[in-house]
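J.: when you get a sec, could you give me coordinates for this:
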Amino acid sequence: MATIAVIGGGIVGCATAAWLIADGHSVTLFERSLDERPASAGNAGLIALPEITPLARPGVLSSVPGWLVDPLGPLAIKFRDLPALTPFLMRFIAAANPTRVEAATAALAGLMGSALADHQELARRSGLSRHMTRTGALHVIDGASAYGAARKEWTERRQHGVEVNEIAPEAARRMVPALTGRFSNALFVPDYWMVSSPAAVLDALRARIRAAGTISRNDVIAIHRDDREVSVITAEGGDLPFDRIVVAAGVWSRDIVRDLGLKVRLEAERGYNITLAGNPVDLPLPVVFAQFGMAVTPLADGLRIGGAVELATPDAPPNYLRGEAMRKTLRRFIPTLPETGGSEWMGRRPATPDSLPVIGRDPRDPRIVFAFGHGHLGLTLSAATARHVSALIGGRDDPGLRPFGIERFQ
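T.: Residues are numbered from 1 along each chain as shown. Okay, here's the model as predicted:
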């Protein structure tokens, strides 16, 4: 049994802590902002197994100039933050090289291969039950250009075993009668799962950690290491020793990593949503509008309209007009959607330029393991990441993790 610190109390950190506790380790989870609603709690609730293609692709790059003209479009950049974001954006452009896209897709497909089984195992270990349902998802497309881009992307996914079925708009409306607006094409993708409430899943994992481990509100600002031990240094003046440390602090992981003398390209891919209490529209399954960067999902918390990609520094003020822009767009397809109301939210998804999370050991110190940078796949890949981190801490290596190593940024 090892004493392990897990830095970060989002879904990846909590899944990892719960998995390690079940392995018999003594775990302390550090999360300074337990009362906030992180990206882990405000996401769309999708376990998006088919989403294995990176955001950076040639087709996306060609669309970026048009998107950036619209400050409320599917991709926005806070121009005041452009100098700080430039190194990330340069890596993003480089990652759109077709060879790199193919390699990233293969890597994500490999990581995604066990994701469902890992979620089921995490649920068993943590006492969760009936929190996941296989719903599939309906992808709605409007226009020949968007259809061509979607068809190319789904062809790439099919090559890795993802099932997708093209259906006529009339068939899509039979599946989701509220879709009375006009659209040109639709795809049904059966291998999406949905959790009833992302916030409830996060709360249940934290309750499991409290029952069998420790949760600390101390703010970890650095890691100290010497020949004898590794320690977390807290803003409150603590110097707390552990056998192993897992860094899973979302976008704030970059500060800890840089203090360790390592490079990483990690920025806040901010997402927005509006949640309408009581599910005012009857939606039997999630509906995705990828060309507009949004999805709508029927959760226990309410009907959630969410998505968009906004690159900004973590402390930049939110622009809640983005949520209203998504609502306006969605009403083109679902006219019965209420024009007003609902609770607004913004979350900071930790994103890498190549859409691959960082999962692996510190190349200078195997006692430190990294688990961050999952972008919009945090919930989806949380359990798989937890299993891999457990294996790394146990001294087991997996060649399939090489594309996710932090070495790629050095």
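
J.: can you pull the contacts of Arg361?
T.: The contact partners of Arg361, by Cβ atoms under 8 Å, 6 or more residues apart in numbering, come to Ile368, Val369, Phe370, Leu392. Bear in mind the C-beta positions are built from the backbone N, C-alpha and C, glycine included.

J.: ok, what's across the strand from the third one?
T.: Think Phe370. Beta-bridge partners for Phe370, by DSSP bridges, are Val247, Gly360.

J.: run a quick neighbour tally on it.
T.: 27 (other Cβ atoms under 10 Å).

J.: the helices in the stretch 251-400 of the chain, which residues?
T.: With DSSP state H, counting those that start in this stretch as the criterion, the stretch 251-400 of the chain has helices at 253-259, 321-333, 378-393.

J.: export those to TSV and tack on mean pLDDT, mean neighbour count and distance to Thr214?
T.: Shown next, in TSV, are these (pLDDT from 0 to 100; neighbours: other Cβ atoms under 10 Å; distance: least, Cβ to Cβ, whole Å):
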stretch	mean pLDDT	mean neighbour count	distance to Thr214
helix 253-259	96	19	20
helix 321-333	93	19	36
helix 378-393	98	25	17
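
J.: Serialize those to CSV and add fields for distance to Ala107.
T.: Below are those laid out as CSV (distance: least, Cβ to Cβ, whole Å):
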stretch, distance to Ala107
helix 253-259, 20
helix 321-333, 30
helix 378-393, 12
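
J.: so which of those comes closest to Gly127?
T.: helix 378-393 (14.2 Å; Cβ to Cβ).

J.: and the closest one, how far out from the chain's middle?
T.: 13 Å (Cα atoms, centre = their mean, to the nearest Å).

J.: so which of the helices of the stretch 251-400 of the chain is nearest Arg349?
T.: Nearest of these to Arg349, taken as Cβ to Cβ: helix 378-393 at 6.8 Å.

J.: how about the closest one as PDB, C-alpha atoms only?
T.: C-alpha atoms of helix 378-393 as PDB (Å, rounded to 0.1, in the frame of the first residue of the first chain):
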ATOM      1  CA  GLY A 378     -12.900  14.400 -19.300                       C
ATOM      2  CA  LEU A 379     -16.000  12.500 -18.300                       C
ATOM      3  CA  THR A 380     -15.700  10.000 -21.200                       C
ATOM      4  CA  LEU A 381     -12.000   9.100 -20.400                       C
ATOM      5  CA  SER A 382     -12.000   9.600 -16.700                       C
ATOM      6  CA  ALA A 383     -12.300   5.900 -15.700                       C
ATOM      7  CA  ALA A 384      -9.900   4.700 -18.400                       C
ATOM      8  CA  THR A 385      -7.400   7.300 -17.200                       C
ATOM      9  CA  ALA A 386      -7.900   6.100 -13.600                       C
ATOM     10  CA  ARG A 387      -7.100   2.500 -14.600                       C
ATOM     11  CA  HIS A 388      -4.000   3.600 -16.500                       C
ATOM     12  CA  VAL A 389      -2.700   5.800 -13.600                       C
ATOM     13  CA  SER A 390      -3.200   2.900 -11.200                       C
ATOM     14  CA  ALA A 391      -1.100   0.700 -13.500                       C
ATOM     15  CA  LEU A 392       1.600   3.300 -13.700                       C
ATOM     16  CA  ILE A 393       1.800   3.700 -10.000                       C
END
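
J.: now do that helix: which elements does it pack against?
T.: On a contact count with 3 or more Cβ pairs under 8 Å, 6 or more residues apart in numbering; DSSP states H and E, helix 378-393 meets helix 11-22, helix 39-42, strand 46-48, helix 98-112, helix 115-126, strand 244-247, strand 358-362, strand 365-372.
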